[in-house]
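A.B. asks: Using only what follows, build the 3D model:
(one chain, ligands or ions: 2)
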Amino acid sequence: MRSHRIALLPGDGIGPEITAATTKVLKALAKKNNFELIFEEHLMGGAAIERTNSPLPLDTLSACKSSDAVLMAAIGNPKFDCNPRENRPETGLLKLREELKLFANIRPVKIFPSLLKASSLKPEIISGVDLIVVRELTGGIYFGQPKGQVKTDTGVRAFNTMTYSDDEIDRIVKVAFELAQNRSKRLCSVDKANVLDVSQLWRDRVNLLAKNYQDVEVNHQYVDNTSMQLVREPIQFDVIVTSNLFGDILSDEAAMLTGSIGMLPSASLGSNGPGLFEPVHGSAPDIAGLDKANPIAMMLSAAMMLRIGLKESTAANELENSIEEVLRSGFRTCDLMSEGCLQLGCEAIGEEIIKAL
Ligand code: IPM
Ligand code: MG
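C.D. replies: Ligands and ions are numbered 1, 2, ... in the order given. So this is what the prediction gives:
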């Protein structure tokens, strides 16, 4: 029997409840499709700080490195917001991305027809939207040196460095071009080349690489314009490629097209080794433990894990189809609720998704 080892990182806040719902669905899928999933749960984020004083303990990191795929729920706990930076939940996630060399973050945004009314935008604006944000994940201002805070004669000064080398840009832009080739062959590269030198290099590299992908139509947008275009006319986008910080911001914005950030999955990939699959949303501490969380983004992330990380595409399709069917039947978590629908908790919607498999 095919067997896959998954490093499971429930993390903080709503993390454990959406993890429970997702692993239940995954177990049902494995049984149905005759493969075995071995889950190894590990501490990460605030939960790890509490128990080990580190947001990414060494045994978690080595378990992730030796797994076939890493499935994470969410990290973050306001309790640690004042900790020194190396001891915050977010730092553990950045370290994990860096250690696994996950430079390519893929965030698909697809509108479920049954959720057209759940978006804050008009249905005619979002109908048919199907785009992918390809975000560079291990460089840019998130990791650039120098960074820090210094005392000055008059007070304090803090600084970060936005930096990219040509090869860092090339490898992420290639991922985006290849994705675009297999879709509608349109690539939008997002930068701030009218102001930033680092963006000018980004734009120059995209133009250079475009020569190798003549079948793909490339356009460039400034990030401020993209943030406007995403709500004005999102249908214009197919594949968007951008840097770490711009991708962070634009993917949250793009998530809201779907009605809830609770719907957006992501895959973080390197050149080889296990990928990391995680929802785009955070740990939502305000609703943690109340069985109110929407587990669908994590389940859709699990579907990406099945398809990309474990090559179990039949199971991936079945999972996505059954999510679609449950939504079509009118079941909703509270973040997606609209008139005439039936509100369910995290666990119950998971049960419906299993029934629909
Ligand atoms: C994301 C998150 C993370 C990021 C945080 C939690 C460090 O916002 O994955 O988008 O900024 O990358
Ligand atoms: Mg983010």
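
A.B. asks: Can you get me a residue count around residue 258?
C.D. replies: 24 (other C-beta atoms under 10 Å). For every residue, glycine as well, the C-beta is placed using N, CA and C.

A.B. asks: Run a quick check on it versus residue 121, I expect a contact.
C.D. replies: No: contact status for residue 258 versus residue 121: not in contact, 10.0 Å apart, counting by C-beta atoms under 8 Å.

A.B. asks: Now do the contacts for whichever residue of the stretch 201-350 of the chain sits closest to ligand 1.
C.D. replies: Ligand 1 sits closest to residue 248 of the stretch 201-350 of the chain, with a gap of 4.5 Å, by C-beta to the nearest ligand atom. Going by C-beta atoms under 8 Å, 6 or more residues apart in numbering, residue 248 touches residue 135.

A.B. asks: Show me what counts as buried in the helix or strand harbouring it.
C.D. replies: According to DSSP states H and E, residue 248 maps onto helix 244-255. Neighbour-count burial for helix 244-255 flags 244-248, 250-255 (criterion: 16 or more other C-beta atoms under 10 Å).

A.B. asks: just stretch 278-295 next, same as before
C.D. replies: 278-285, 287-288, 292-295.

A.B. asks: Equivalent analysis for stretch 344-357, please.
C.D. replies: Applying 16+ other C-beta under 10 Å to stretch 344-357 flags 344-346, 349-354, 356-357 as buried.

A.B. asks: ok, for residue 29, nearest residue in space, not its chain neighbours?
C.D. replies: residue 315 (4.6 Å; C-beta to C-beta, 6 or more residues apart in numbering).

A.B. asks: was I right about the one you found contacting residue 33?
C.D. replies: Yes: counting by C-beta under 8 Å, residue 315 does reach residue 33; the two are 4.7 Å apart.

A.B. asks: Between the two, which has more neighbouring residues?
C.D. replies: A direct count of neighbours by other C-beta under 10 Å for residue 315 and residue 33 places residue 315 higher, at 23 against 15.

A.B. asks: show me the contacts for the more buried one.
C.D. replies: Counted by C-beta under 8 Å, 6+ apart, residue 315 has contacts 29-30, 32-33, 35, 306.

A.B. asks: tell me the pLDDT at it?
C.D. replies: Looking at residue 315, its pLDDT stands at 98.
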